[in-house]
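*Asks:* got a predicted structure here, sequence first:
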Amino acid sequence: MIDALHRARRPLVLSHRDSDADSLGSALALGGAFAQLGVEAVLAVHQPDRIAPPLNELPGADAVVPLTAELGDANHDVVFVVDTASPALLGGEPGMRDALLNVWPVVNIDHHDSNQHYGAVNYVETAAAATAEVLWGLLTEARIPLTADMATNLQAGLVGDTLGFQIADTSPRTLRAAASLLEAGGATHGLPRRVLNARTIAASRLYGAALAAVQASADGCIVWTCVTQAMADSVDASVHYSHGLPNALQEVVGAEIAAVFYELGPERTRASLRSTGRPIREVAEEYGGGGHQLAAGLTVQQPIEVARQLVIDRLRALLGA
């Protein structure tokens, strides 16, 4: 793996289509690592214009380019894909993804249990709390110095994926990584804290509207809400700006499973699932999604109400079993 880093001369770095602090922060930090090695990497994600504030304030985020077929014509020698369990999660059309991933060797860096190991090199540490933790260990072993910007991006990934070091996957190694990043110029306050909690006025109104629409099963064990396009339009926001809702619903007293449904189009719905103990990854995988045992996501090619009914019925069956 370290050899792959040092051999790269024209790397392309890709990450998840639904940018969060860990996927974007890890990609940006990896780009910074290549700069430390005297190599210029191209960083691309699907529709970077949809990266919600304050994620778009992470150091280097303004240099991210759209994931397009034209990248396949560029003279890259390796593709690094971070925090992306399957190629489909890169977004875009399948033909375009195939063109990008089949031309050059793929190095797959991740921490998800559901990773499909699709790379020529697969560096997947499922015990890590975040891909940022995986990268910190990798860059430390490779003796690539961390700049303050790299440390900030990795710290954002750690804070974002661990909810401020609160989840069960937070380990002594996670905290050692955080301490090392602090020493390198990163911080757990400021921008890393803001990527977890900060929202614009419009996003705050959308967040409130979604919370006001929360529903629950008769026994209160499953709670859910829907973020519709009409709801977003009513507060002059984008559906993509509704981060943080799954974790908020997980805190509802008595809830074992929380679900948030996002209307991405008339026939396309994304769902984020959270659980306090019952594994829910298998439900996501049934619909082509994945993630962790207690935090997973999926996309259904159905209207939001149909998708909601399908997934909630499946979650009811899971709890009944």
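*Replies:* Thanks, I have it. Numbering: from 1, shown residues only.
*Asks:* could you chop this structure up by domain?
*Replies:* Following automatic domain parsing, one gets these domains for the chain: 2-197, 201-320.
*Asks:* please identify the most buried of these.
*Replies:* Here the criterion is mean neighbour count by mean count of other Cβ atoms under 10 Å, and of the domains of the chain the winner is domain 2-197, at a mean of 20. C-beta here means a position set from N, CA and C on the backbone, and glycine is covered the same way.
*Asks:* for S171, give its distance to R308.
*Replies:* Separation of S171 from R308 (Cβ to Cβ, to the nearest Å) stands at 35 Å.
*Asks:* what's the answer for N197, then?
*Replies:* Remark: distance between N197 and R308 (Cβ to Cβ) = 27 Å.
*Asks:* check S19 too.
*Replies:* Using Cβ to Cβ, one gets 24 Å for the distance from S19 to R308.
*Asks:* go on, R268?
*Replies:* According to Cβ to Cβ, R268 and R308 sit 13 Å apart.
*Asks:* again, but for R176
*Replies:* Plainly put, R176 is 41 Å away from R308 if you go by Cβ to Cβ.
*Asks:* could you do H292 as well?
*Replies:* H292 is 22 Å from R308, where distance means Cβ to Cβ.
*Asks:* what's the answer for G92, then?
*Replies:* Relative to R308, G92 is positioned 26 Å away (criterion: Cβ to Cβ).
*Asks:* before we move on, what about C226?
*Replies:* Computed as Cβ to Cβ, the C226 to R308 distance reads 6 Å.
*Asks:* just give the closest residue to E133, not the sequence neighbours.
*Replies:* A177 (5.0 Å; Cβ to Cβ, 6 or more residues apart in numbering).
*Asks:* surely that neighbour touches L158?
*Replies:* Yes: with contact taken as Cβ atoms under 8 Å, A177 and L158 are classed as touching, separated by 6.4 Å.
*Asks:* shared neighbours, these two?
*Replies:* Shared contacts of A177 and L158 (Cβ atoms under 8 Å, 6 or more residues apart in numbering): A132, E133.
*Asks:* hmm, back to that, residues shared between the contacts of C226 and R308?
*Replies:* Taking Cβ under 8 Å, 6+ apart as the criterion, C226 and R308 both touch F261.
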